[in-house]
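**Q** Just the structure for this:
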Amino acid sequence: MAASGNAKLRVTFFWPFYGDYWILALDDDYSEVLVGTPDRRYGWILARRPDLPEARVQGLLERAKALGFDAAAFKRVPQIQPLDDAS
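**A** The predicted model follows:
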């Protein structure tokens, strides 16, 4: 997994509320991504499959920690269904 090249997003939930998000790491096939806020208060590991190997999760948490995020603050949310690969 390589660094993302400083990709940044601004997402508007409904005007005038928005959030800034940075793509911190992105897998070559876009199957895993580490996203965080510029203030380093919030971060997410997003994956196309619910069964991301623990070693990958730990690698992404280490990357987050190296970038100044509190890796212990990441909360795990149980995932129950993979995305449909046919779409």
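
**Q** show me what contacts the residue nearest in space to the middle of the chain?
**A** With distances taken as CA atoms, centre = their mean, Leu34 lies nearest the centre of the chain, 2.8 Å away. Shown in contact with Leu34 (CB atoms under 8 Å, 6 or more residues apart in numbering): 23-26, 43-46, 60, 63-64. All C-beta spots, glycine's among them, are computed from the backbone N, C-alpha and C.

**Q** Show me the helices in the protein, by range?
**A** Along the chain, counting by DSSP state H, helices occupy 54-66.

**Q** Narrow the contacts of Leu34 to those that are buried.
**A** Neighbour counting over the contacts of Leu34 (16 or more other CB atoms under 10 Å) leaves 23-26, 43-45, 60, 63-64 as the buried ones.

**Q** What's the per-residue pLDDT of Ala3 here?
**A** At Ala3, the pLDDT value in this model is 50.

**Q** Extract the residue ranges of the protein that are flagged as low pLDDT.
**A** For the chain, the stretches with pLDDT under 70 are 1-6, 8-13, 18, 81-87.

**Q** Good, wrapping up.
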